[in-house]
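Undergrad: got a predicted model here, sequence first, then my questions.
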Amino acid sequence: MIIYIAGSISGMSGEEVLSYFNMTKSTLIGMGFEVLSPMTGKGYFRNEIKFKAEGYTHKPMSTNHAIVERDRWMVSKCDILYCNLTMAKIVSIGSMMELAWAHHMGKHTVLSMQPDNIHRHAFVLEAADIVFETHEEAMEYIAHFGKEI
């Protein structure tokens, strides 16, 4: 089963982002999932002080168009989209796009965000099949869900 990890990137440091995505990917692989991530092959971002929302041009795979098309393609290939918004410092428009694509494509969508999260909106809540308040609760659900299928 293939799972795509979505989550906050803009406003965070390269180290924070890569650490989170690598750790989550490793955990999900340990559960038996094949994992797709927007940070695959982007270790060169490790030294970013603060991720910006657009405008990267130093690598062909990091142009605005390349990022959107690759992430949309990965969402189309997954069975489950897991979107963790618990670390969001600012609104994650990319994560909202990924959640909307997954919802539109009929993927199983799992979301984690606190009750007072800045993403709390009817569209977000309705696009998610299931919402957890913590990353840990969502990961526990995904672990059990993966064993059942």
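TA: Arrived safely.
Undergrad: contacts and neighbour counts: CA atoms only from here.
TA: Fine.
Undergrad: the helix or strand harbouring Glu98: how far from the chain's middle?
TA: When elements are assigned from DSSP states H and E, Glu98 belongs to helix 93-104. Centre-to-centre, helix 93-104 and its host chain are 9 Å apart (C-alpha atoms, centre = their mean, to the nearest Å).
Undergrad: quick one: low-confidence ranges for the chain?
TA: 40-61, 148-149 (pLDDT under 70).
Undergrad: repeat that for 50
TA: 43-49, 52, 54 (pLDDT under 50).
Undergrad: for the helix holding Glu98, which outside residues touch it?
TA: The contact list for helix 93-104 (C-alpha atoms under 8 Å, 6 or more residues apart in numbering) reads 6-8, 71-72, 75-76, 81, 83, 108-109, 124, 127-128.
Undergrad: in its sheet, what does the very next helix or strand once past it sit against?
TA: Sequence order places strand 108-112 as the next helix or strand after helix 93-104, per DSSP H and E. Partners of strand 108-112 in the sheet, by DSSP bridges, are strand 80-84 (parallel), strand 130-132 (parallel).
Undergrad: quick revisit: turn the contacts of helix 93-104 into CSV, including secondary structure.
TA: Below are the contacts of helix 93-104 laid out as CSV (DSSP: H, G, I helix; E, B strand; the rest coil):
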residue, secondary structure
Ala6, strand
Gly7, strand
Ser8, coil
Asp71, helix
Arg72, helix
Val75, helix
Ser76, helix
Leu81, strand
Cys83, strand
His108, strand
Thr109, strand
Val124, helix
Ala127, helix
Ala128, coil
